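Okay, predicted coordinates and the sequence, questions at the end:
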Amino acid sequence: MQSARTKIDVSVRDQRLILTRDGEKLRSYPISTSRFGIGTEEGSMKTPLGNFRIAEKIGDSAAPGTIFKARVALGPDDPLPETEDLITSRILWLDGMDEENGNLIVQFQFRGTPVSIKASINGYAAAWLKENPYSGRMKRNRQEHEQEAKRVASLAVYSILRDWIKGQITAIETGILSFEGAFLGQILLPTGKTVLETAKAQKMLPAPADEKIVELGGRK
């Protein structure tokens, strides 16, 4: 028996979210997309277009009014974040299913400083397809096989990204790294761009050197 297909449609034009199941409208809510417009540029804070899947639901069982910091629910005795823009709604972590938006994008505030991290799933998906090439003997078609590659890639990249962020935050809180040392390139500036994007745009970074092959171990 085929399970019901639940879908969320977001209309930028109408500023509404519509929940459907098997094509039947269940709920409709007013929403607010990014004031920076639409787009997929890293660190732009824009609303990306396309098809996405929900990679993780954060705070699903939390009590109403729970405050989140770095996607973790705060307890009654925890200090509040140093910002007036408190996160009290539930968090849906999305990943893109289309080629142009095949990225995981994480944006959060750490001690009042906004951070934006973008990771592509396309490279992992391509590697998976190379190891698992499509065959006409498969029950699914080529498009479904490529979607499976993106599903596998999104789970793997999400796990890697999640562990990296947790590791960086642990390094900050234990004094191993400063906040800037851990997330300098991903810090969002008032312009809506990250430090890394700004540095690249202003050509502040050295040009990539020509690739060189270095032999180790003194082999001749």
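Perfect, thanks for sending it. Every value quoted in this text rests on a predicted model; they were computed, and no experiment measured them. Numbering: from 1, shown residues only.

Give me the distance between the residue nearest the centre of the chain and Pro81.
Among the residues of the chain, the one closest to the centroid is Ile105, at 2.2 Å (CA atoms, centre = their mean). Separation of Ile105 from Pro81 (CB to CB, to the nearest Å) stands at 20 Å. Using the backbone N, CA and C atoms, a C-beta is placed for each residue, glycine as well.

swap in Thr47?
Distance from Thr47 to Pro81, counting by CB to CB: 24 Å.

the strands in the chain, which residues?
6-11, 16-21, 24-30, 52-58, 68-69, 72-73, 91-96, 103-110, 113-120 (DSSP state E).

Ranked by average pLDDT, which of those strands falls at the bottom?
Ranked by mean pLDDT, the strands of the chain end with strand 91-96 at the bottom, a mean of 70.

Distance from the helix ranked longest in the chain to the middle of the chain?
In the chain, ranked by residue count with DSSP state H as the criterion, the top helix is helix 142-173. Relative to the chain's own centre, helix 142-173 is displaced by 9 Å; criterion: CA atoms, centre = their mean, to the nearest Å.

Could you check the angle it makes with strand 52-58?
30 degrees (axes from the mean of the first three to the mean of the last three CA atoms, to 10 degrees).

Which strand residues bridge Phe108?
Note on Phe108: beta-bridge partners by DSSP bridges are Val115.

Make sure it is actually in contact with Val72.
No - the pair Phe108 and Val72 does not pass the contact test of CB atoms under 8 Å, sitting 9.9 Å apart.

For Val157, give its distance to Asn51.
Per CB to CB, Val157 is found 17 Å from Asn51.

higher neighbour count, those two?
Val157 (22 against 10; other CB atoms under 10 Å).

Kindly state the pLDDT recorded for that one?
Predicted confidence (pLDDT) for Val157: 87.

Find the nearest non-adjacent residue to it, please.
Ile121 (4.8 Å; CB to CB, 6 or more residues apart in numbering).

I'd like to know how far that neighbour sits from Ile31.
For Ile121 relative to Ile31 (CB to CB), the value is 25 Å.

Which one's more surrounded, the two?
Ile121 (26 against 14).
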